[in-house]
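Engineer: I need the structure of the sequence given here:
(chains A and B)
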Amino acid sequence: MVIDALLLQLGYNATLVAVGAMLLGVAAGMTGSFLYLRKRALVSDAISHATLPGVGLAFIVMVALGADGRNLPGLLLGSALSAWAGLLCLGWLVRRTRLAEDAAIGAVLSVFFGFGIVLLTVIQTMSSGRQAGLENFLLGSTAGMLRMDALVIAGGGALILLAIFILRRPMLEVAFDPEYAAARGLNVDRVDLAMMGLVMAVTVVGLKIVGLILIVALLIIPSVAARFWTDRADHVVLIGGILGGLAGYTGAAISAAVPNVPTGPIIVLIAFGLFALSLLFAPGRGVMAALVRHLRFQHRVHLRQGLLALAQAQQIYEPRTLRLLRRAGLARPDGVATEAGRARAARALRDEKRWEIVRTDPAHEAAAAFYDGLTDIDAVLTRDQIAEIDRRIGSPQGVSA
Amino acid sequence: MLELASTDGHVASDTARAQSPLAVRGMTVSYGEKPAVFSVDMTVKAGSMTAIIGPNGAGKSTLLKACLGIVKPLSGQVEVMGRPLAEMRAKIAYVPQRASVDWDFPTRVIDVVLMGLYREVGLLGRLRGAHIDRARACLDRVGMVAFADRQIGQLSGGQQQRVFLARALAQEADLYLLDEPFAGVDAATEKAIIAVLKSLKAEGKTVVAVHHDLATVGDYFDHVFMINVRRIAEGPVATAFTAETLQEAYGGRLAAAQVDQISAALA
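Structural biologist: The predicted model follows:
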């Protein structure tokens, strides 16, 4: 059943929902990446909670006008307006009062959300308007989703992606160095506002599928997971989009196949699974890679220190160093160097002398930056450069290169 | 208004302003209700290397940022080559303080320099091979081309500063504004930066730098703008950078011995 869903075998509507959720995930992952790079991830929490009063008010207004209270575009418009109001409140609090952004976020988030809950309670007691299902906007649900709804969501996601494509450079510039961006004539406030507008759009489009409480997870988790895989901002955005899309698609498919499973939490759990995989297994920044790297590094440090000690005929006290030297066949159990050990030790000492010259000579400044006590000098300098340095040291004492 | 703080009585003529690459008139910038810069006039001489000097908290960086529109002045005008700042942005390159950004940001050295070309490339334009070649040439000029593909977090302070300078060079501007380019950098970097700045001057460009090391003012710069909230002195090093102006700007913060030493070095 789940396999069928993943392979889009559950019929036209389920397929449409899965594709819509994927587009939403890509848009959320990318938008969230910019937010994360700008170090304002938490603002999305305020924006998403601020949508709730708008949902309630839109419902009430539509019912009062005699229309269907659950008309999706109407509800989304209402939520967008109240999210925008929340954003303006937040901006005003930060600019005009001495409140820091985190405190202002807490204030806006809780007041708007509380007001929204009150409205939903009032709506429950209303006699007209088929209010059932409105609470699905809290946690998201694809059950009973109309074809039109799915199209609105997919179209919204596509529009957001287009806006991201146009704004990507200004947003990156402002995220890295807002002062320089301002000096180039970029209106930093306006770029920030545009970015918040994108976050708001993602939240509104995602209300139906993921729900307003968990949309923040779909914004943030893909980008922080992406950060483990790359050291380039543009790649963080791309990978964030891919991971978000993967989570959206898989989550929507699973919730279509398994009855009574809320869509939002499933999508978020899958996003978290992707994050956990990234955290553990990403090369470079992942936990495992860091562990392996640390052990290897320790190994190299001990070996190098041991060799230098052997070269200078010093006693080796560190048991680990001795063990490594012995295992490499460079020292005997009593700490005396073997034939191979003596040769390697002499070479290590000679390299150390070469590095000394490199580090004191401004002409070799670029190369000297690579010195860490471990890097082989032949990896940094050409043979001719090394020969020139050797001439300055005098003959390498009794060692043939 | 009374020109209480001005000792040189130097008031630039309108033509001098019109020809100046950076002219500021009556600028006041305030954080809260305490002016950091008060009613300052400044006329930078074309083709000069000008040091903005003054004690800590004298408004040096604030003045620079206000010239670039990064902070909004309470009052005053900025003119670049006789035109409003907004029209002339492409002619100005800015090198901010190194500490103003997060060096853990996921980006490579070459990407930072390419940001200097974003305005030129536009929102939707493609970064082409020619742009990358230009960025590499700028890195080469500051001796950092070997680091082009490195993560910026792996750089030393001096190297970071040189990358910022390379980004400014990529703009191919006429006026270079630098905020404490020598703060906390190694000797090799200081030498490399001053060599680049002098070559810019030789190309006829104008360089203005906030500078904190009084001992090197005479070696590095030909003009001085001395500020302590108000303008204290402005002009060639020989006339504006004297024991009297230093005393006025720094007051008791500069030991008499230091002042003597500096004026002896200049004499």
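Engineer: correct me if wrong: B:F38 contacts B:A58.
Structural biologist: No - if you go by Cβ atoms under 8 Å, B:F38 and B:A58 don't touch, sitting 10.8 Å apart. For every residue, glycine as well, the C-beta is placed using N, CA and C.
Engineer: need the residues touching each of the two.
Structural biologist: B:V229 (Cβ atoms under 8 Å, 6 or more residues apart in numbering or on different chains).
Engineer: all the helices of the stretch 1-150 of chain A, in order from the start?
Structural biologist: A:2-6, A:12-37, A:43-49, A:52-64, A:72-96, A:101-125, A:136-139, A:147-176 (DSSP state H, counting those that start in this stretch).
Engineer: next: chain B.
Structural biologist: Listed in chain order, the helices of chain B (DSSP state H) span B:14-19, B:60-67, B:85-88, B:109-115, B:118-121, B:129-141, B:157-170, B:187-202, B:217-220, B:237-240, B:243-250, B:256-266.
Engineer: how about those, which one is nearest A:K353?
Structural biologist: For A:K353, the closest of those is helix B:187-202, at 21.8 Å, according to Cβ to Cβ.
Engineer: which elements pack onto the closest one?
Structural biologist: With contacts taken as 3 or more Cβ pairs under 8 Å, 6 or more residues apart in numbering or on different chains; DSSP states H and E, helix B:187-202 sits against strand B:49-53, helix B:157-170, strand B:175-179, strand B:206-210.
Engineer: who are the packing partners of the first one?
Structural biologist: When contacts are defined as 3+ Cβ pairs under 8 Å, 6+ apart, strand B:49-53 sits against helix B:60-67, helix B:187-202, strand B:206-210, helix B:217-220, strand B:223-228.
Engineer: interface residues of the stretch 101-250 of chain A facing chain B?
Structural biologist: A:166-167, A:169-170, A:172-173, A:175-177, A:179-180, A:182-185, A:227, A:230-236 (Cβ under 8 Å from any Cβ of the partner chain).
Engineer: ok, 7 Å please
Structural biologist: Residues of the stretch 101-250 of chain A lying close to chain B by Cβ under 7 Å from any Cβ of the partner chain are A:166, A:169, A:173, A:176-177, A:179-180, A:182-185, A:227, A:230-233, A:236.
Engineer: and B:L74, which of the helices of the stretch 1-150 of chain A is closest to it?
Structural biologist: Nearest to B:L74 among the helices of the stretch 1-150 of chain A is helix A:72-96; the distance by Cβ to Cβ comes to 16.6 Å.
Engineer: hmm, who's touching that closest one?
Structural biologist: Helix A:72-96 is contacted by residues A:43, A:46-47, A:50-51, A:53-55, A:57-59, A:62, A:99, A:101, A:104-105, A:107-108, A:112, A:149, A:152, A:196, A:200, A:203-204, A:207-208 when judged by Cβ atoms under 7 Å, 6 or more residues apart in numbering or on different chains.
Engineer: buried among these? Make that a PyMOL selection.
Structural biologist: Here is the PyMOL command that selects only those of those that count as buried (16 or more other Cβ atoms under 10 Å in any protein chain shown):
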select buried, chain A and resi 43+46+47+50+51+53+54+55+57+58+59+62+99+101+104+105+108+112+149+152+196+200+203+204+207+208
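Engineer: check contacts around residue 19.
Structural biologist: With no chain named, the answer covers chain A. When contacts are counted by Cβ under 7 Å, 6+ apart, A:V19 touches A:A154.
Engineer: other chain: chain B
Structural biologist: B:Q19 makes contacts with B:A46, B:G82, as judged by Cβ under 7 Å, 6+ apart.
Engineer: now it: how far from A:T97?
Structural biologist: Per Cβ to Cβ, to the nearest Å, B:Q19 is found 45 Å from A:T97.
Engineer: so which of the helices of chain B gets nearest A:F297?
Structural biologist: Per Cβ to Cβ, nearest to A:F297 of these: helix B:157-170, 22.5 Å.
Engineer: tell me the buried residues in the closest one?
Structural biologist: Using 16+ other Cβ under 10 Å as the test for burial, helix B:157-170 gives B:158-170.
Engineer: please see if whatever helix or strand A:I389 lives in touches chain B.
Structural biologist: Element membership for A:I389, per DSSP states H and E: helix A:383-393. No - against chain B, helix A:383-393 shows no contacts by Cβ under 7 Å from any Cβ, the least distance being 13.7 Å.
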